[in-house]
Structure formats: structure tokens, C-alpha cells
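K.L.:
only geometry, no sequence info:
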DNA sequence: ACGTTAAATGTAGTTTAGTTACAGTACGTA
DNA sequence: TACGTACTGTAACTAAACTACATTTAACGT
């Protein structure tokens, strides 16, 4: 574990003097890695051996070794944190925050995603007679994107962001069809109903949603991605990015499963677009 | 710069003995960071001062400082790299690669995005009488998402992913309207024409596209995000994620500019969705 | 409240590691 | 071949880190 986090975590298990050291370190770790044990002791108003004992308590061999660990923690740069946008942030600030939060979410999503489930989903998708993507609101965007990707595979694929169309489509589904229902919360009533309908009609229902949600209960497979709390109170942000990454993953798994011959097909689709574009000048 | 790379780069500028040290370090940097200067000297079959001189040549204060830098290089662990998916990757592998590539792209996008331009775009958006988002293919998804976000702001906003609708809408645009045209390559003919049409009709055209592309030339403002080469040869992946992050940024800037009273409005929109959802059980 | 004991902290001395100054060696050039 | 420069090593020195022990502080029981 990152030694800086460790210090922060164990702050209350430290003795009085040790806490002094800890606080100095946490306040400006970048200075500390260039300071001698004497300098650090002085700054924390404690003796050198106390610093040394502090280092040992953190499972390092001594002060130099501790500095090494500290340097490594810093290099990791407290990677990406979900930081909330502030009322008086400048364009510079909120831009940075949104990028960071997005990345923090992806990091989290990566960790939480179950690749065995991914694999099973890809299995099902490759065998499907027809693939449908359903979503509403922000999740409709994800469904839209999924259609876009799977359409290139030359498989029957549809996407609906309209409640009625979703219902009709679900009712008409049958065995061999795969229905992917997308909802971050998994609590949108009409989508839960659509999932149930599709299941009743023997379609395989894959949910891209929260584990344990009402929607999840109606699904044969649940692909859940944990996501950092949304940066903006009122708009879904990170959740849909993680979902899109998941779509990429499914699409990639799909092409890999289909083998290299299949990929020639993709090339054809791409080439077909060429005439609609301006040539790139060298 | 990463000190390990630096050593590798400058290998041929080193003297004979220095190269010996360099090679030992490159061979097993992880051992070196825990070794004393004496141990390292012995392993490289050279004297201690030579190691010291080696450290100085690399712009460090001495051996301990050098070890610090080395430790940081190692911790950095080549953060996020754009890694291409391989024919025989397992689900585990391609999942990891896609997440990593996506994050690498966001990292790149963050660096390349000009926040002054973002700020100007937000300015224009807040003053717009009507906002239109146009995109095709993968970029249609981004436009779709943008509509979703800006719709909550209770401003007139439309999105079209149909060429004819885009043309009609562009022709009907007028001064005070803002048209946002989205295209990764910026070379899609019909979109370039739409941008030109909108501009002729005195709308302000903002392009989310490649700087220097045909589309960029037709725009009043260009929001360009550099993006790592796409992981998949035949499908856009990272580009649209970066574009979506940009939409988040614009939307966030928009709400911030409109002030806190405006945000109550967003709450209302969100609350209005409540009845369509299952209650969360505690 | 007082004394006892254990834990925590500091002081001083020791050891180890790192650095500097200088001397010797190797190599290239005139 | 002789000279000079750049490189490398030896030995002395300095500074940093650590250990052992003394002192203080805090906690607990009487």
C-alpha cells in the first residue's frame, strides 16, 4: 500500500511525537524526501531517534528506506481522485477536475469489473440471433454507441431510447436474442419492466447496471461497474463513461472471438466510409 | 524526465566505468535502490567515487538523491499506455488494455485541451438563443449526450444525426445561435458543408474536431482534443470518450456561469424523474 | 492522591555510508 | 616518444543514521 495513505490511515495509532512527524510529512512530503533525519526531526520538534522509530513502525528498515518508499508514493502522485467542482472554479480548474474524476472512475470501474462475466457476455453476444440495446436518458447514449459499434459487425442489432419501442421490441423477442439493458441506478421502472418482458419471452437479458438493483434481479447476467460518485450533483457523468468503456470491451471481445477473417469485414465497413470523407493531405 | 530512460539514452556519452554502473542499474534497478554506494560499486567492479560521479553527471546531488530519483522512476511504472489489443488476449487482458488505453487518451486530451478556448465556448453557449449539436456515426453519440445534458438547462437545444436534418437546421440558423459540430477526423464532407452553411447564416460554429482539418476551417472556434491512436483499427474508441469528457466540461462551465439559482433548476429536473424510479431501499 | 511501572522520548556515543581531495593510470595527440 | 588531458582509484574526512542508555511522561493500581 501507498505509504502516504498508510500514514494518514494510522494517524490515530501513533504516539504524540510520532504524530508530529506524520503531520510534517503529510504537510509537505516533497520536502521530506530531500531532508535528512536531523532536519525532519527539527521541523517536527522532536528527536532524531523518534523519527527513526516512526520509520520502523511503518515497516521500513530505517529512515533512508522510508524516504525511498515515500518517494515512490509521491511518484504515483495520488493518481486520480474524484474531486468535486467548486462554485468559483476557473475554466482551468474545473477542466482539470472533470478529467481527473473521469479517470478516477475508470480506475475504479476497471477494478470492479468482473472479467469472467465479461467473457460470458461475449459468449452470448457472439451466439445471438439478434442484439438489442435499451437505455433511457444518459444510458440511451450508451445504447446508441453500442448499436453503432455492433452494427459494424454485420449482426442484427437495434437500439431504442423510447419506452414504447422498447416494450414492443421486448415483447417480440425470442429465444436466441440477447437484450442488453443499460441503467446506472437500475431503478428506472419502465426499464425494469422491459427487462422482465424480454426475459419472459426467453431472450437472454444482460444488464449493465448496479448489482443488487431491481433491474439486476430481472437479468440473466449483470455487468456491474462501480463508479465514483458523480462530480455533478444533477447530471450523470462518470457512470456513462465507464459504461462506454464496457461497451468497447464487449465489442473488442466480440471481434476477437470472431477471428481474423471477421476483421476483414470491419475493414470493408470502414473503407466504405472513405468516399464520404475529404482526403487527408500529407 | 524519467531517470531510467535518461540513463538509457545517454549510455554512449558515458565513460567506460560509468557505463558499467549504468548497465548494472539498468539490469536490476529494483535492487539498486536498496543497495549502498559501496555495494553498487562492488557489483559494477568500480570504485565508490565513480558511482558518485555517475550520479552527479545525471544532475542529482549525490548517491542518495540519485536513489530517490530512481525510486520514483520505478514507481511511475509507465502509468497509462495505449496498448493495442492482441489476437489471443484473454478477457482479462483486453479488458485491462482497453481501460488503460482509454485512460491514456484522457490523459493526453487533458494536456492538449486549451482552457481559454473552453472558456470562450462556455461564454458563447451561455449567450446562445439556441444550441444545436451535429455529429455522425460515433460522433452522433457525443452529440446525443450533449443534447441530454443541455436539455436539463432549459435552453433550446437540438441534436441531429441525420444529414438532411442537419442541413435544414443549419440553413435555418441565425445570428445568436450556436452550432456545435462534432467530428473526430474533421473530414466528413457533409458535416463540413453543414458547418459552412451554419456559418453563412451567421450562427456561431464551434467545432469539436481536429485542429487544421477541413471542418476546423469552417468553424469560429475549434475545441481540439488530441487523442491516442485508437486501440481498435476499425472502431473509434478513445476519441469519443475524450469528446464526452469535453461535453461534461462545457456543461459544467455552463452551470457554473449561470450561478447557484440556476442549479435549483437542475434539481427540479432531477426530482421530476423520481416518480419514474423505484425507491432506494436502505 | 501517591507511588509504581511501563511506555515514550531524548542524549550522547558509535557505526556506517557518502563525499572530497589527491594521486596514479591510461589514452590520445603533437 | 613525450606531454597533456581525462578518467579512475585510494585514503582521509564529513555527515548522516542508528544504538544503547538515561530521562521523562503518562497510566494504573493501591
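P.N.:
Nice, I can see it. All of these numbers come straight from a predicted model, not from anything done at the bench.

K.L.:
please make it C-alpha for all contacts and neighbour counts, starting now.
P.N.:
Fine.

K.L.:
helix, strand or coil for residue A:158?
P.N.:
On the three-state scheme (DSSP: H, G, I helix; E, B strand; the rest coil), residue A:158 is labelled strand.

K.L.:
so it bridges to which residues?
P.N.:
Using DSSP bridges, the bridge partners assigned to residue A:158 are residue A:132.

K.L.:
distance of it from DNA strand D?
P.N.:
Remark: distance between residue A:158 and DNA strand D (Cα to the nearest atom of the strand, to the nearest Å) = 65 Å.

K.L.:
quick one: the helices in the stretch 151-282 of chain A?
P.N.:
Taking DSSP state H, counting those that start in this stretch as the test, the helices found in the stretch 151-282 of chain A are A:163-171, A:189-200, A:214-217, A:238-272.

K.L.:
in JSON lines: these, plus mean pLDDT, mean neighbour count and distance to DNA strand D.
P.N.:
Written out in JSON lines, the entries for the helices of the stretch 151-282 of chain A read as follows (pLDDT from 0 to 100; neighbours: other Cα atoms under 10 Å in any protein chain shown; distance: least, Cα to the nearest atom of the strand, whole Å):
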{"stretch": "helix A:163-171", "mean pLDDT": "95", "mean neighbour count": "18", "distance to DNA strand D": "64"}
{"stretch": "helix A:189-200", "mean pLDDT": "94", "mean neighbour count": "22", "distance to DNA strand D": "56"}
{"stretch": "helix A:214-217", "mean pLDDT": "93", "mean neighbour count": "24", "distance to DNA strand D": "50"}
{"stretch": "helix A:238-272", "mean pLDDT": "81", "mean neighbour count": "19", "distance to DNA strand D": "43"}
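
K.L.:
mind putting these in a markdown table, distance to residue B:66 included?
P.N.:
Putting the helices of the stretch 151-282 of chain A into a markdown table (distance: least, Cα to Cα, whole Å) gives the following:
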| stretch | distance to residue B:66 |
| --- | --- |
| helix A:163-171 | 62 |
| helix A:189-200 | 59 |
| helix A:214-217 | 53 |
| helix A:238-272 | 39 |
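
K.L.:
what's the closest of those helices to residue A:33?
P.N.:
The minimum distance between residue A:33 and the helices of the stretch 151-282 of chain A falls on helix A:238-272, with 34.8 Å, by Cα to Cα.

K.L.:
quick one, that closest one and helix B:238-258 angle?
P.N.:
Regarding helix A:238-272 and helix B:238-258, their directions subtend 140 degrees when assessed with axes from the mean of the first three to the mean of the last three Cα atoms, to 10 degrees.

K.L.:
include distance to chain B when you put the helices of the stretch 151-282 of chain A into a markdown table, please.
P.N.:
Below are the helices of the stretch 151-282 of chain A laid out as a markdown table (distance: least, Cα to the nearest Cα, whole Å):
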| stretch | distance to chain B |
| --- | --- |
| helix A:163-171 | 12 |
| helix A:189-200 | 5 |
| helix A:214-217 | 8 |
| helix A:238-272 | 6 |
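
K.L.:
will you turn those helices into TSV that also has distance to DNA strand C?
P.N.:
Output for the helices of the stretch 151-282 of chain A, formatted as TSV (distance: least, Cα to the nearest atom of the strand, whole Å):
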stretch	distance to DNA strand C
helix A:163-171	64
helix A:189-200	56
helix A:214-217	49
helix A:238-272	44
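
K.L.:
among the ones you listed, which comes closest to residue A:86?
P.N.:
helix A:238-272 (17.1 Å).

K.L.:
what helices or strands is that closest one leaning on?
P.N.:
helix A:91-112, helix A:115-127, helix A:138-151, helix B:91-112, helix B:238-258 (3 or more Cα pairs under 8 Å, 6 or more residues apart in numbering or on different chains; DSSP states H and E).
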